[in-house]
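>>> please work out how this folds:
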Amino acid sequence: MSVGTTTMIAAALGLGAAVGLLLIVTAWRRPAAVPPSSRPHPLLRSARDRAGDRRVLLRLAVAIGVGVLTGAATAWIVGAVLAAAAAWFLPRLVGPDRAHTRRVARIEAIASWTEMLRDVLSAAAGLEQAILATAPLAPAAIHGEVATLAGRLESGQRLAPALRALARELDDLTADLILAALVLAAEHQARQLGDLLGSLATTAREQAAMRMRVETGRARTRTSVRVIVATTLAFAAGVVVFNRAYLDVYNTATGQLVLLLIASLFAAGFAWLARIATGGRQPRVLALDATGARDAAATAAGGERS
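Just a heads-up that it's a prediction; the model follows:
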């Protein structure tokens, strides 16, 4: 068996290990199973979940393809693994902060739905009837979750547990405050709920505007990160293409270990830059259990009366 064949077999084995690692990471990042009572009805499953699965498979295929091509061009096992990892992670690093965009859109959607509830409640409708009436009109960013809430209510689930399940699904600080007020109203018939929802909706819109201003300030940092990453990768690719002999030192096993160490340092630097450039997710300060919902909503209601 020739040295080239042996190298290609080793590269294929390395790529297989990399693919297995990517699959493990993907499975680990999937959300934990929820109780049957909290699962949405199959007919209410959002189409964007299936689209997300297709995007993950496409990214995985592209990463494998890039790794195979790199392994064939360089005969480096570590190079193939690093190229596959770069194809998997770098688009999220240098691309737009879609997670932040989704969070802002969700906050604005929560504010709009809260205003809908306030308007329907002003017509002397009950809270559960108001939720059922506004569910078909909920904004797209939270339409699936609100439709699931309506489905739970129609199936006979009590209002307060259904609202707590919605809080877990939305997983948002602003939604916690609003849903805490709704839980309090469901359990204790809170007064002036419409006025309270109106003030909370205004707060939610102000928070969304504040996050947009912060994102504008981060735009320059994100541009700098893109320039740094693009320059580094262009230099590395240029050396591989135009001065291959300069990299012969990495053809040995020791050279591959050194290459892995150098790449790890660059990866740590890129991850640090990404942390600076992207908006961190705000931690939830409210656990919407029975006690937490009652205390938070009572505080909000007390502030409204004052």
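
>>> could you count how many residues lie near residue 252?
Per other Cβ atoms under 10 Å, the neighbour tally for residue 252 reads 10. Every C-beta, even on glycine, is put in place using the N, C-alpha and C of the backbone.

>>> in contact with it, which residues?
By Cβ atoms under 8 Å, 6 or more residues apart in numbering, residue 252 lies in contact with nothing.

>>> got the phi/psi numbers for it?
Per-residue torsions, residue 252: phi -90, psi 170 (degrees, to the nearest 10).

>>> same check, this time on residue 119
Dihedral angles for residue 119 - degrees, to the nearest 10 - are phi -70, psi -40.

>>> the helices in this protein, which residues?
Assigned by DSSP state H, the helices in the chain fall at 3-28, 47-74, 77-94, 98-121, 127-134, 140-154, 159-170, 173-188, 193-242, 253-277, 290-305.

>>> in the fifth one, which residues are buried?
Meaning helix 127-134. Buried positions in helix 127-134, judged by neighbour count with 16 or more other Cβ atoms under 10 Å: 127, 130, 131, 132, 134.

>>> re the thing from before, so which of the helices of the chain is the most surrounded?
Neighbour counts (mean count of other Cβ atoms under 10 Å) averaged over each of those peak at helix 173-188, with a mean of 23.

>>> please export the C-alpha coordinates of that helix as PDB.
In PDB, the C-alpha atoms belonging to helix 173-188 read as follows (Å, rounded to 0.1, in the frame of the first residue of the first chain):
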ATOM      1  CA  LEU A 173     -37.400  37.700  30.500                       C
ATOM      2  CA  THR A 174     -40.000  40.100  29.100                       C
ATOM      3  CA  ALA A 175     -42.500  37.300  28.500                       C
ATOM      4  CA  ASP A 176     -42.000  36.100  32.100                       C
ATOM      5  CA  LEU A 177     -43.100  39.500  33.500                       C
ATOM      6  CA  ILE A 178     -46.200  39.600  31.400                       C
ATOM      7  CA  LEU A 179     -47.100  35.900  32.000                       C
ATOM      8  CA  ALA A 180     -46.600  36.400  35.700                       C
ATOM      9  CA  ALA A 181     -49.300  39.000  35.600                       C
ATOM     10  CA  LEU A 182     -51.600  36.700  33.700                       C
ATOM     11  CA  VAL A 183     -51.000  33.800  36.100                       C
ATOM     12  CA  LEU A 184     -51.800  36.100  39.000                       C
ATOM     13  CA  ALA A 185     -55.000  37.100  37.200                       C
ATOM     14  CA  ALA A 186     -55.900  33.500  36.500                       C
ATOM     15  CA  GLU A 187     -55.400  32.400  40.100                       C
ATOM     16  CA  HIS A 188     -56.500  35.500  42.100                       C
END
